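Q: I would like the atomic coordinates for the input below:
(chains A and B)
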Protein chains: 2
Amino acid sequence: MTLVAVGSVAYDGIETPHGRVERTLGGACTYIALSASYFTKVKIVAVVGEDFAQEDERLLTDRGIDLEGLERVAGKSFFWAGVYSADMNDRTTLRTDLNVFADFKPKLPESYKGAPYLVLGNIQPALQRGVRAQMNGVRLVGGDTMNYWIKDYRDELLGTIREWDFLLINDSEARMLSGEQNLKRAAAKIFEMGPQTLVIKRGEYGAILFRRDGHFIVPGYLLEEVYDPTGAGDCFAGGFIGYLAERGFDLKNGRVDHKELSRAVIYGSVMGSFCCETFGVDRFRTLTRREVDARFHEFRDFTEF
Amino acid sequence: MTLVAVGSVAYDGIETPHGRVERTLGGACTYIALSASYFTKVKIVAVVGEDFAQEDERLLTDRGIDLEGLERVAGKSFFWAGVYSADMNDRTTLRTDLNVFADFKPKLPESYKGAPYLVLGNIQPALQRGVRAQMNGVRLVGGDTMNYWIKDYRDELLGTIREWDFLLINDSEARMLSGEQNLKRAAAKIFEMGPQTLVIKRGEYGAILFRRDGHFIVPGYLLEEVYDPTGAGDCFAGGFIGYLAERGFDLKNGRVDHKELSRAVIYGSVMGSFCCETFGVDRFRTLTRREVDARFHEFRDFTEF
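A: Just a heads-up that it's a prediction; the model follows:
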């Protein structure tokens, strides 16, 4: 079932211990959409400048992604550049040029408004909330945020996530948002804020899904080489919500299928792991659903006992 | 089947964000033996001074641990003191008084020499090797080491682990020993050194078991409060080898039961998690096998999908 994905479509300059690219397609919405497109129909809402390349557009349309909500305006696309530490657990932002993104006011095409699934990439909370308000009859909504919004836009953020079914953030963000160091207690606090499903991403260590009645933990996939972790968290989000949309999953019907939520976390992990295998979005040029499912089964093999 | 455990029996001074104890029973051998005693008969080899308290001896004998190999000599027992960081992922050693441990030359009682299982706690590699040499017909042998021996006693250590079936170390030790940052490649290098089963402990993030033909990963158990991580790695070792000894597991008979090895990793994780729930060895004063098995099943519940 159709998924609307909102966030940045951007160009990235990336340096990791394995190499460097000056400018490559990136942005949260791009990664979410590419990843989710392996599971369901995706419609994106974003803005790009005149520099948005035809070949990048083609990568998205080749994956069946609907670009009707991709606004094109005068100016340059959002540009981000960063460099990763030797172990790739830290990164330093070298440059953030908002460009056309500075005036982004997401406006949904009519054809988007009835979509049952909505995922909000990491952008200003008020914009996320505005998109939510434009949708009719959303079945499942959630998204990501970051330390900057948690710290400096707290009230706006709390007003936004109050309406969300799920929140996908990393461990340090969960600690910052809740004020609790321990993740179990952080989750309990976050449930009070609205989302009844919390997914905490732990990078190479995997992810935890929390619900009031229990939790599910998956370790990270062991790659022999992590070329570039950029976008891995967004690919996780795309796999997670993409799988739930594929299955027509509903949180609100009283009986929640926890195993389906767990499998969504696995698909999120699968997509995040593929993302790290090459620079930028390159892996999605060749990745097939068959490979995705094979890795899902690998997760079962190395976690079952 | 009987397990011989070798290492330090000591007193510890511990400070964590949750409190402080001036002096409490500790030492690698103590934790390994207490943990393994939930699964199998344990005989320890260690040395203590005249200050070794009767109530501490009783804690061990109450768990059925054979102390024939616990040497008592004039002087004081090994004493260690340390303080943990706020998130408990780091600790600073404040004091290490080797005392009677400085002249420890493990000598095995006759009744120990035929035991089929041997686990060597983190002590000088030459001592570990000397114990191995005193045993007849060991079925499964392995143990732990640390950065100090890896760095400054490398040849001695390599000569020791060459005879081991399994090696249990943490991720930074695996990287230091192998010279490889990536854990999969680190494992491949370590297989060349002898042990064909490598367990990498990752603290709160769980553990990975590597074999040449695959790996198994378990996430860490989520505790609501980690009171004191001291001894958790040794309790992991005790649960791992203790379970294998209970099952009469054999690595050398051609066909390796990988699921049994995986379950041993789970029992290791279970015992490590209990260890963190109170200060020092206190949890083992009340812990029952029923609780241990219940937590084993909890691991299945929160990892199955």
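
Q: going forward, measure contacts between C-alpha atoms and count neighbours the same way
A: Fine.

Q: and the residue nearest the centre of chain A, what element?
A: Centroid check for chain A by C-alpha atoms, centre = their mean gives A:Asp234 as the closest residue, at 2.8 Å. For A:Asp234, the element it lies in under DSSP states H and E is helix A:232-246.

Q: next one: A:Phe79
A: Following DSSP H and E, one finds A:Phe79 within strand A:78-84.

Q: now do that strand: everything it contacts.
A: A:8-17, A:48-49, A:90-101 (C-alpha atoms under 8 Å, 6 or more residues apart in numbering or on different chains).

Q: enumerate every residue touching A:Phe302.
A: Contacts of A:Phe302 by C-alpha under 8 Å, 6+ apart are B:Gly214, B:His215, B:Phe216, B:Ile217.

Q: kindly recompute the last result at 10 Å.
A: A:Pro219, A:Tyr221, B:Ile208, B:Leu209, B:Gly214, B:His215, B:Phe216, B:Ile217, B:Val218, B:Ser262 (C-alpha atoms under 10 Å, 6 or more residues apart in numbering or on different chains).

Q: and the pLDDT at it?
A: Listed pLDDT for A:Phe302 reads 98.

Q: also the one 3 residues further on?
A: pLDDT, the model's per-residue confidence, is 97 for A:Phe305.

Q: what about it, neighbour count?
A: A:Phe305 has 21 neighbouring residues, counting by other C-alpha atoms under 10 Å in any protein chain shown.

Q: so where's the stretch 151-300 of chain A uncertain?
A: A:252-254 (pLDDT under 70).

Q: mind checking the SS state of the residue of it found nearest chain B?
A: Going by C-alpha to the nearest C-alpha, chain B is nearest to A:Phe216 of the stretch 151-300 of chain A, at 4.5 Å. Look at A:Phe216: counting by DSSP: H, G, I helix; E, B strand; the rest coil, its state is strand.

Q: A:Ala174 too?
A: Assignment for A:Ala174 (three-state DSSP): helix.

Q: ok, now which ones touch the nearest residue to it once chain neighbours are set aside?
A: With sequence-adjacent residues excluded and distances taken as C-alpha to C-alpha, 6 or more residues apart in numbering or on different chains, A:Ala174 is closest to A:Ala186, at 6.4 Å. A:Ala186 makes contacts with A:Asp171, A:Ala174, A:Arg175, A:Met176, A:Leu177, A:Ser178, A:Gly179, A:Glu180, B:Glu224, as judged by C-alpha under 10 Å, 6+ apart.

Q: and the second one, how many neighbours?
A: I take that to be A:Ala174. 27.

Q: flag every residue of the stretch 151-300 of chain A that's near chain B.
A: A:181-186, A:202, A:204-209, A:214-226, A:258-266, A:299-300 (C-alpha under 10 Å from any C-alpha of the partner chain).

Q: from the contacts of A:Phe302, pick the one nearest A:Lys76.
A: A:Tyr221 (36.4 Å; C-alpha to C-alpha).

Q: what's the burial count for the closest residue to A:Phe52 other than its chain neighbours?
A: Spatially, and ignoring its direct neighbours in sequence, A:Phe52 is nearest to A:Ser77 (6.7 Å; C-alpha to C-alpha, 6+ apart). A:Ser77: 24 surrounding residues under other C-alpha under 10 Å.

Q: the strand holding A:Phe79 pairs with which strands?
A: strand A:10-16 (parallel), strand A:91-97 (antiparallel) (DSSP bridges).

Q: any buried residues in that strand, and which?
A: Using 16 or more other C-alpha atoms under 10 Å in any protein chain shown as the test for burial, strand A:78-84 gives A:Phe78, A:Phe79, A:Trp80, A:Ala81, A:Gly82, A:Val83, A:Tyr84.

Q: residues near A:His215, how many?
A: 20.

Q: ok, it - contacts?
A: A:184, A:187, A:197-199, A:208-209, A:258, A:262, B:222, B:301-303.

Q: specify the beta-bridge partners of it.
A: Where A:His215 sits in a bridge, its partners, by DSSP bridges, are A:Phe210.

Q: give me the residue from the stretch 1-150 of chain A nearest chain B.
A: For the stretch 1-150 of chain A, C-alpha to the nearest C-alpha, closest residue to chain B: A:Asp87, 7.8 Å.

Q: so who does that residue touch?
A: A:Asp87 neighbours (C-alpha under 10 Å, 6+ apart): A:Thr16, A:Pro17, A:Val226, B:Gln181, B:Asn182.

Q: out of those residues, list just those in strands.
A: Taking DSSP state E as the definition of strands, the contacts of A:Asp87 contribute A:Thr16.

Q: thank you, goodbye.
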